[in-house]
Structure formats: C-alpha cells, structure tokens
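Undergrad: how would this look folded up:
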Amino acid sequence: VGLQATVPVRLRGSLLNSADPATSLVSAVAVSILLARLLGPDRFGLYALVTTVLTFSLLFARLGVGGTVRRYMAELDGRDQRRLGPTLAGWALQVAIGASFAAAVALALVAGPLSGFFHRQELAGYLLIGAVGLLPAAATSVLRNLQRGLQHWRALLWLNLATSPLWVAACVVALQRGAGITGVLLAGIAIEVICGAVLTVWTKRDLGLPRLRTRLPADLRSRLVRYNLGLALLAVVNVIVWQRSELLFLGRFSGPQQVAFYAVPFGLTERITDLLPGAILGVLLPTLSYAHGAADPARFSEILSDAARYLSMLALPICLFGIPLAGAGIGLLYGPAYTPAIPVLRILLAASVFGVIGQAASVALLGMEAQSWLLKTGLAAVALSLALDLLLIPRWGAVGAAIANGVTQVSWTVAVAAPLWRRVSHAA
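TA: Next comes the predicted model:
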C-alpha cells in the first residue's frame, strides 16, 4: 500500500472517527443527565466516585496493551506484515487477561477499605460489581484497538451505533425499576460482553484467530515490550494529569456533592473534545505509525502539521462559544441543583484547548517511539497535579479541582510540545 493512500484514509478516517465519538457523546450525555436528575447530586457523586475508582483499576487491567496493539498493528500493516497480526493479538490478550484478573482480585480485596476511606459504606458493593467487569473490558479493549490499528473506522462506527442505544435503554430500564447504580453498572458489563463477541468475529475475519502459543519475532517483541512499559506508565500519568485524579481527592475531602459538581462539567468537556478534536487524535497515532513504519519522515511531518492546524481550528471555537453558554447548558441539561458546576465547566473549557494540543504532541512522540520525554515530563506533571489537588481541593472543592487540572494541563502541554517541533523539523 503506497503512502499516498494514507491521505484519503486519513480524511475518511477522521470523518468516520468523528461520528464514532458523536454517537458515544449522545449516549453518554443522555445517561449522565438521567443519572444526575434521578439520583440527585449526592447519589450521582457516589456513582462518579465508583466510575473513577474503576477507571484507575482499568489502568492496571489494561496495562497500556490496547494502545500498544493499535500502534504496532498499524506499523505491521504499513510494512505489509499483517500475517503477524494474530500473534500480536494473542500476546496482547494474554497480557490483558492476566493483568485484568489480578486487578479484579486486588479491587475486590480493597473494596471494603476504600468504602471507609471515602466514608460511604455502600461503595464496597458497587466496586465488587465493577471488579467483575474488568476482564471483559480489558479483552474488548485489545480487540477494539486491533481494528483501530487496521483503521477500520467504519466497522467501529457501526458497532457503536448499535450498542450505544442498547446501553442507554438498559440504563433507563434499570433506573425505572429502581436498580439504581447497581443496574447501570450491570448494563455496562453486558454491553462490553456483546462488543467483545462482535469484535472477536471481526478479528477472525480480518486476521484469523489470535495465536496464543506463537512467539513474536525477537526484535519486534523487544520493541513492543519496551514501548508497552512506557505506555503503561504514561497511562497512569494521563489519568492523573488529564482525567480523574481530582475526583478521588474530592471524594475524600469534600464529599459526593462536590464530586458531582466536578464530574458533570468534566464529563461534558471530555465528550465535547472527543467529538471533533478527538476524531483527529483517534486516527493520528495509526497514521503516524504507518508513516514511521514506512520510513518516510517527510510524510510524518506533513501529517503532524495538518493535524495541528485542524486541531487548533476545532478547539478554539469550543472554548470561545462554550464558556459564555456554560450557565445555560448546565441549567437546561441538569437543572438548578447543579448550578455550582457552572464555574467549573468554564475553567475546564478554557483548559481544554491546551489539553487537545498536549494530547496531539503526546501522540506524535509515541508515533516516533520517543516516549522517554513524555515519561519525564509526565512524572513532573503528576507531582504538580497531586500538590495542587492537596492545596486547592480541601478549601475550594470542585472549583479548586478545576483550577488544579487546568494549571497542570497547561504546564505539561508546554513541556511536551516544545521539543517536539525540533524533533520533527530535524526528521524532515
């Protein structure tokens, strides 16, 4: 396959990949609104705390394997070595299933102590249910990222279009029948199992069944393991810097209501940036990896420059229009009970511009297998994030959490992006 073919693939992939998160956006916002209105700030904050703990548990269940599979499947495809795909899939599934089983056992053991730490005894039961879902979630992540590495965006879109309404409907039924948080968690597990079954069929069709006993070539295996170790550490860094660490501090120091006032705007900001900027980010790593695997640094630089330009054009309007409309949006969707979330949403929207740029820079460095700088700057950002959380959250609650998140995002983005342009220009 010639590199010229990556141009229409990239454009078509971005369009399809924008429809994919758009579907997720609609379903996730619908479920979020239902839960927020029917459960109220206190119970919704508890649900957000549960999903936050499960997100951290999934980090250890996945160990960065999904991202590794996506990156190397794209590279193998670029080098006409797709025959190694089943072996790559077999290695990834073994690692993911083993790690997710260990994470599930660990989560089950600490469920009781965590409920005491956050002063909510009912939390333990929800975490036990979540532990059961770690295994199908980890396996599905591997299979989904195989399809992303092959750039099968259309198939993934159709899967999302089919399963997202099922998830919303299952959550509605659970809430109507009084199953509450338990029912919503069980609905999520059921959808993961369905997705896993479909993705298994597609993997068999595209590559053959995963080969669990076949070893990868020694040089590829060495690169893959080294890359995955770095990616696993980066996953921990990302979840602290870009995502949910503030919710844990809020749960400890401020209570479920402040968790809710942060979780609502955080979820909206995350989904909005996933919708359009995220569409480009989603296809950027496989495309850059394809160019890197084909040893074409000029093409690599061209793809990155185009992506940076488009991301800026998409991220700035989100910030400029979202900030003045934040109050109306929160009031319309979630009601007056969530008025304290309005300033939080405005802060997070302002920081989202830097977040998108930082994520693009991170993806580019990963495509070049230059993850060492990401790790160094990421660890510094983790220290900054934790320090700001401890300093601001006990006094300012959700607003302090938003400020801590925004300052950390801006700082890491500057640190990551500065050397990237020199690397790309030298490569060109």
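Undergrad: do you know how far the closest residue to Gly378 other than its chain neighbours is from Glu246?
TA: Distances taken as Cβ to Cβ, 6 or more residues apart in numbering place Val237 nearest to Gly378, at 3.5 Å, with adjacent residues excluded. No exception for glycine: its C-beta is placed from N, CA and C like everyone else's. In this view, Val237 and Glu246 are 15 Å apart by Cβ to Cβ, to the nearest Å.
Undergrad: what about those two, which has more around it?
TA: Comparing Val237 with Glu246 by other Cβ atoms under 10 Å, the one with more neighbours is Glu246, at 28 against 21.
Undergrad: Leaving out the residues flanking it, which one is nearest to Val53?
TA: Excluding the flanking residues, the one nearest Val53 by Cβ to Cβ, 6+ apart is Leu127, at 6.1 Å.
Undergrad: so the one you found makes contact with Pro113?
TA: No: using Cβ atoms under 8 Å, Leu127 is not in contact with Pro113, being 10.4 Å away.
Undergrad: higher neighbour count, these two?
TA: Leu127 (22 against 10).
Undergrad: secondary structure element for Gly251?
TA: Using DSSP states H and E, Gly251 maps to helix 245-253.
Undergrad: Show me what that helix is in contact with.
TA: Residues from elsewhere that reach helix 245-253 (Cβ atoms under 8 Å, 6 or more residues apart in numbering): 45, 48-49, 52-53, 56, 117-118, 239, 258-259, 262-263, 266, 385-386, 389-390, 393-394, 397-398, 401-402, 404-405.
Undergrad: now the strands: where do they sit in the stretch 101-250 of the chain?
TA: With strands called from DSSP state E, counting those that start in this stretch, the stretch 101-250 of the chain shows none.
Undergrad: residues contacting Ala398?
TA: Applying Cβ under 8 Å, 6+ apart, the residues near Ala398 are 250, 254, 258-259, 261-262, 340-341, 344.
Undergrad: do Val344 as well
TA: Per Cβ under 8 Å, 6+ apart, neighbours of Val344: 261-262, 265-266, 398-399, 401-402.
Undergrad: swap the cut-off to 7 Å and go again
TA: Counting by Cβ atoms under 7 Å, 6 or more residues apart in numbering, Val344 touches 261-262, 265, 398-399, 402.
Undergrad: same question, Arg83
TA: Per Cβ under 7 Å, 6+ apart, neighbours of Arg83: none.
Undergrad: Need the mean per-residue confidence for the helix or strand that Leu314 is a member of.
TA: According to DSSP H and E, Leu314 maps onto helix 297-334. Per-residue pLDDT over helix 297-334 has a mean of 77.
Undergrad: what's the neighbour count on the nearest residue to Leu128 once chain neighbours are set aside?
TA: Nearest non-adjacent residue to Leu128, counting by Cβ to Cβ, 6+ apart: Ala111, 5.5 Å away. Neighbour count for Ala111, taken as other Cβ under 10 Å: 19.
Undergrad: Then Val65?
TA: For Val65, the count of nearby residues is 27 (other Cβ under 10 Å).
Undergrad: The one 4 residues further on now?
TA: The tally of other residues near Val69 (other Cβ under 10 Å) stands at 29.
Undergrad: likewise the one 10 residues further on?
TA: With neighbours defined by other Cβ under 10 Å, the count for Arg79 comes to 14.
Undergrad: now do Leu332
TA: Around Leu332 there are 10 residues (other Cβ under 10 Å).
Undergrad: do you know how far it is from Asn145?
TA: Distance from Leu332 to Asn145, by Cβ to Cβ: 36 Å.
Undergrad: again, but for Ser385
TA: 26 Å.
Undergrad: swap in Pro256?
TA: From Pro256 to Asn145 the distance is 33 Å (Cβ to Cβ).
Undergrad: roughly how far is stretch 23-40 from the heart of the chain?
TA: With Cα atoms, centre = their mean, to the nearest Å as the basis, stretch 23-40 stands 18 Å off its chain's centre.
Undergrad: In CSV, list the C-alpha atoms belonging to it.
TA: What follows is stretch 23-40, C-alpha atoms only, in CSV (Å, rounded to 0.1, in the frame of the first residue of the first chain):
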residue,chain,number,x,y,z
THR,A,23,-22.6,8.5,19.0
SER,A,24,-20.8,8.0,22.3
LEU,A,25,-21.3,11.6,23.2
VAL,A,26,-25.1,11.4,22.7
SER,A,27,-25.5,8.2,24.7
ALA,A,28,-23.1,9.2,27.5
VAL,A,29,-24.7,12.6,27.9
ALA,A,30,-28.2,11.0,27.9
VAL,A,31,-27.2,8.6,30.7
SER,A,32,-25.4,11.3,32.6
ILE,A,33,-28.5,13.5,32.5
LEU,A,34,-30.7,10.7,33.6
LEU,A,35,-28.5,9.7,36.5
ALA,A,36,-27.9,13.3,37.6
ARG,A,37,-31.6,14.2,37.6
LEU,A,38,-32.9,11.0,39.0
LEU,A,39,-30.2,10.3,41.6
GLY,A,40,-29.5,13.9,42.7
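Undergrad: residues in contact with that stretch?
TA: Looking at what lies outside stretch 23-40 - Cβ under 7 Å, 6+ apart - the contacts are 44, 47, 160-161, 164-165, 167-168, 171-172, 175, 184, 264, 267, 271, 274-275, 333-335, 337-338.
Undergrad: buried residues in that stretch?
TA: Neighbour counts over stretch 23-40 (16 or more other Cβ atoms under 10 Å) mark 23-25, 27-32, 34-36, 39-40 as buried.
Undergrad: what are the ranges of the helices in the stretch 101-250 of the chain?
TA: 123-132, 134-149, 153-176, 180-206, 218-238, 245-253 (DSSP state H, counting those that start in this stretch).
Undergrad: which secondary element of this structure has the worst mean pLDDT?
TA: helix 277-293 (a mean of 55; mean pLDDT, DSSP states H and E).
Undergrad: ok, Ala139 - contacts?
TA: 93, 96-97, 196 are the contacts of Ala139 under Cβ under 7 Å, 6+ apart.
Undergrad: so how far is Ala89 from it?
TA: 11 Å.
Undergrad: Now do stretch 33-52, average pLDDT.
TA: 91.
Undergrad: So what's the gap between it and the chain middle?
TA: 20 Å.
Undergrad: can you tell me the helix or strand for Gln257?
TA: Going by DSSP H and E, Gln257 is part of helix 256-275.
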